[in-house]
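A.B. asks: coords below, sequence missing:
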């Protein structure tokens, strides 16, 4: 409620979503809190072909699907609160969640914590400015990540 097509998300029908899954048109998709969310592969491929860095806000399910398609290119950052009570408080303070949805979200977050070791970095979002600076440092370091280089070509050119 209150979200606008083309602004917050691009909304499609459940039927179209299922058809696009079968056609392989998503980088990642997941059923999150009873809703289907996904990232269309077309704009991602286009941006990467233009040499752009693409940033996603996706859950653990989506991360593993995306990692299968772009295992070298992805730098994964797990952003979390310092503890579950902080998350609960933030969800309650939003005023957009009922008690049942808060409970569901906390349970999902608890399950996602099991996969934190599969990420490259973790940011504990206690202080927005500090969290931003951590993310900025990771973003800068991505440009020197060996997986983003054609190493054999680099070494061959270096030897010439």
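C.D. replies: Received, thanks. The structure displayed is predicted, hence computed values, not measured ones.

A.B. asks: every contact and neighbour count from this point should use C-alpha atoms.
C.D. replies: OK.

A.B. asks: buried residues in the least confident helix or strand in the chain by mean pLDDT?
C.D. replies: Between all helices and strands in the chain, the lowest mean by mean pLDDT, DSSP states H and E belongs to strand 26-32, at a mean of 85. The neighbour-count check on strand 26-32 (16 or more other Cα atoms under 10 Å) flags 26-30, 32 as buried.

A.B. asks: and it, what does it pack against?
C.D. replies: Here strand 26-32 touches strand 35-40, helix 41-49, helix 60-69, going by 3 or more Cα pairs under 8 Å, 6 or more residues apart in numbering; DSSP states H and E.

A.B. asks: ok, now with 7 Å
C.D. replies: strand 35-40, helix 60-69 (3 or more Cα pairs under 7 Å, 6 or more residues apart in numbering; DSSP states H and E).

A.B. asks: mind listing the strands it pairs with, and their directions?
C.D. replies: strand 35-40 (antiparallel) (DSSP bridges).

A.B. asks: state the helix or strand in which residue 96 lies.
C.D. replies: Under DSSP states H and E, no helix or strand contains residue 96.

A.B. asks: so what's the residue count around it?
C.D. replies: 10 (other Cα atoms under 10 Å).

A.B. asks: just residue 37 next, same as before
C.D. replies: When neighbours are counted by other Cα under 10 Å, residue 37 comes out with 20.

A.B. asks: chain center to the helix or strand harbouring residue 141, what's the gap?
C.D. replies: Taking DSSP H and E as the definition, one finds residue 141 inside helix 128-142. Distance of helix 128-142 from the chain centroid (Cα atoms, centre = their mean, to the nearest Å) equals 15 Å.

A.B. asks: oh, and call the first residue 423 from now on, that's how I've got it
C.D. replies: With 423 as the first residue, the last one maps to helix 550-564.
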